[in-house]
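>>> Below: sequence and its predicted model.
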Amino acid sequence: MIKTSFSNKKTLARRLQSLSFLLLFSLLPSMQLAGQEEEVVEGGFVNTRILFVFDGSQSMSGYWESDVKINIARNFLLHIVDSLETLPNVQMGLRIYGHQSPVVLQDCKDTKLEVTFDINNAHKIRQKLRFVKPLGNTPIAYSLEQSADDFPPCADCRNIVILITDGIEECGGDPCDVSLRLQSKGITLKPFIIGIGVDPNFKKTYDCVGYFFNAAKEENFKDVLRVVITQALNTTSAQVNLLDQDHQPTETDVNMTFYDVFSGQVMHNFVHTLNHKGNPDTLYLDPLVTYRMEIHTIPPIILDNVSVTAGKHTIIATDAPQGYLEAKTLGRTHYRDMQFIIRQHGKAETLHFQKINDREKYLVGRYDIEIPTVPKIMLNDIVISQSHTTTIEIPRPGIVTFLSLNPGYGSLYEERNGKLIRIHNLDPNKKNQSHAIQPGTYTVVFRSRNSKNTFSTISKTFRVRSGSSSAVELYK
């Protein structure tokens, strides 16, 4: 007996008359907070590379508020470069577009990487910016596509693109489509869009590209700069609350994988921990990433579209009440290396394999269990309760030795509802063989391989007692 103890794609047809900034396409995640002591964690990145993509098109020669637009944009970018120059583990590069061919030529491939990534190269960026003269078209989509190749291979880098432009796509490209494709390939993340002096309603136009911010006047530049630096370099604190049945965050010690929703790339692997105060420990996530979380309980918990807000501590909570299951036998047994199958109640898919005499943690619920003894033990609707160990006691088998003069063809059967059900086959290449069989009454049917006479079939009924040894002769 078994015992259980519990992309509205939109054609962008008209130009903006004021300055807007498309910002922050990120390739890889996770920087520590600015000013914090640097800490490297698995799945984290401590090097940031920022590529500025600067608009040198003809429209940048127009005036806005106090000066020519290209001068305002140049001064703003120089301010950013000055701010980043002294930060550790930050490299910068510069791509300019619309600055090589006059607008009459309609050159939609006018884009060039002017300053490659390097340390201490801020002076090169400043020098290039001083001599940019607005000339040509605005190939935004093409420039973004080309920028993806500007980052040399780096295993521990977080790559960001800052696109600065006074207008919208002029060359028939679709920045929305480019943005989505780059995100899905894991090349970039969703950008921020900062419009300067634009109608707030214009935000809807950029919803398919990224996050929109509006700097209506020059005096807002400092605020824009603060946002850019904060979003680009800072991670945000968060904690994961794994709730028990009382909705308390007491569950812990389980691995959590964070994926980028768009690319599917693994961003972090953390083992959930309670700190010395008994609270879920703090971790740091990139506010530019939307995550898909998999909490590796049995069965796993999936959380889609998890995001954090920059500068705000985020609590990610989910129900995860768990209990324990173990299957054990008493005394010495042939089952010590055996694994049994766990399924969610009523489902055919295998959820987990568990070893006999081990204890495993499962989400609270109902499960079906298949133990590959001879015969198989099938247990349905086994309940796992919060913080409780459900124990399955497997009867100790008996050892039966089948003796024959020659190898042969044989099988073991169990009678159920008046029918013989085959439960096991004998090895046709052995004369004498021993098998561990659960207590009960069985029938063996056997014919020697040397015999060509059907009537030489032997059928015997025998009884197995727990922990006993017995022999069944197959030659009489």
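Yep, that arrived.

>>> neighbouring contacts of whichever helix or strand E415 is part of?
Counting by DSSP states H and E, the secondary-structure element that holds E415 is strand 408-416. The set of residues that contact strand 408-416 without belonging to it, under Cβ atoms under 8 Å, 6 or more residues apart in numbering, is 374-375, 402, 420-426, 428, 435, 437, 440-451, 474. For the C-beta atoms, the positions are set from N, CA and C on the backbone; glycine is no exception.

>>> quick one: that strand to chain centroid distance?
On the basis of Cα atoms, centre = their mean, to the nearest Å, the separation between the geometric centre of strand 408-416 and that of its chain is 49 Å.

>>> Let me see the mean pLDDT of the following helix or strand past that strand.
Sequence-wise, the next helix or strand downstream of strand 408-416 (DSSP H and E) is strand 419-425. Within the predicted structure, the mean pLDDT of strand 419-425 is 96.

>>> Distance check, P375 against R447.
Distance of P375 to R447, given as Cβ to Cβ, to the nearest Å: 22 Å.

>>> What of S466?
Computed as Cβ to Cβ, the S466 to R447 distance reads 30 Å.

>>> out of those two, which sits in the more crowded spot?
Neighbour count, other Cβ atoms under 10 Å: between S466 and R447, R447 has more, with 19 against 15.

>>> which ones are touching the residue nearest the centre of the chain?
By Cα atoms, centre = their mean, the chain has its centre lying nearest to Y259, at 2.6 Å. Contacts of Y259 were listed using Cβ under 8 Å, 6+ apart, and they are 265-267, 291-294.

>>> got those as CSV, with distance to N279 columns?
Formatted as CSV, these follow (distance: Cβ to Cβ, whole Å):
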residue, distance to N279
Q265, 30
V266, 26
M267, 24
Y291, 21
R292, 25
M293, 19
E294, 23
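
>>> Look at S143 and tell me its secondary structure.
S143 carries the three-state label helix when classified by DSSP: H, G, I helix; E, B strand; the rest coil.

>>> ignore the last one, Y442
Secondary structure assignment for Y442 (three-state DSSP): strand.

>>> Quick check: beta-bridge partners of it?
F462 (DSSP bridges).

>>> who does V115 bridge with?
Beta-bridge pairing of V115, defined through DSSP bridges, involves L94.

>>> and the gap between it and C154?
Using Cβ to Cβ, one gets 17 Å for the distance from V115 to C154.

>>> And these two? Which one has more around it.
The neighbour comparison of V115 against C154 (other Cβ under 10 Å) goes to V115, with 22 against 15.

>>> State the distance from V224 to I160.
Taken as Cβ to Cβ, the span from V224 to I160 is 15 Å.

>>> one step back: among the contacts of strand 408-416, the buried ones, what's the ChimeraX command?
When burial is assessed using 16 or more other Cβ atoms under 10 Å, the buried subset of these is captured in ChimeraX by this command:
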select :374,375,402,423,424,426,435,437,440,442,443,444,445,446,447,448,474
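
>>> Would you mark the buried spots in the strand holding E415?
Neighbour-count burial for strand 408-416 flags 408, 410, 412-414 (criterion: 16+ other Cβ under 10 Å).

>>> Show me which of V224 and I160 is the more surrounded one.
Neighbours around V224 and I160, counted as other Cβ under 10 Å, are more numerous at I160. The numbers are 28 against 20.

>>> Test for you: state the pLDDT assigned to that one.
Confidence at I160, expressed as pLDDT, is 82.

>>> ditto for V306
In the prediction, the pLDDT value recorded for V306 is 95.

>>> same thing with L144?
L144 is assigned a predicted lDDT (pLDDT) of 87.

>>> In contact with the closest residue to it other than its chain neighbours, which residues?
Taking Cβ to Cβ, 6 or more residues apart in numbering as the measure, L144 lies nearest to V178, with 5.1 Å between them; neighbours along the chain are not counted. Each residue near V178 by Cβ under 8 Å, 6+ apart is listed here: 141, 144-145.

>>> who wins for neighbours among those residues?
Counting neighbours by other Cβ under 10 Å, L144 leads the contacts of V178 with 28 neighbours.

>>> What separation do you get for that residue and S263?
If you measure L144 against S263 using Cβ to Cβ, the figure is 16 Å.

>>> Make sure Y291 is actually in contact with V266.
No. Under the criterion of Cβ atoms under 8 Å, Y291 makes no contact with V266, lying 10.5 Å away.
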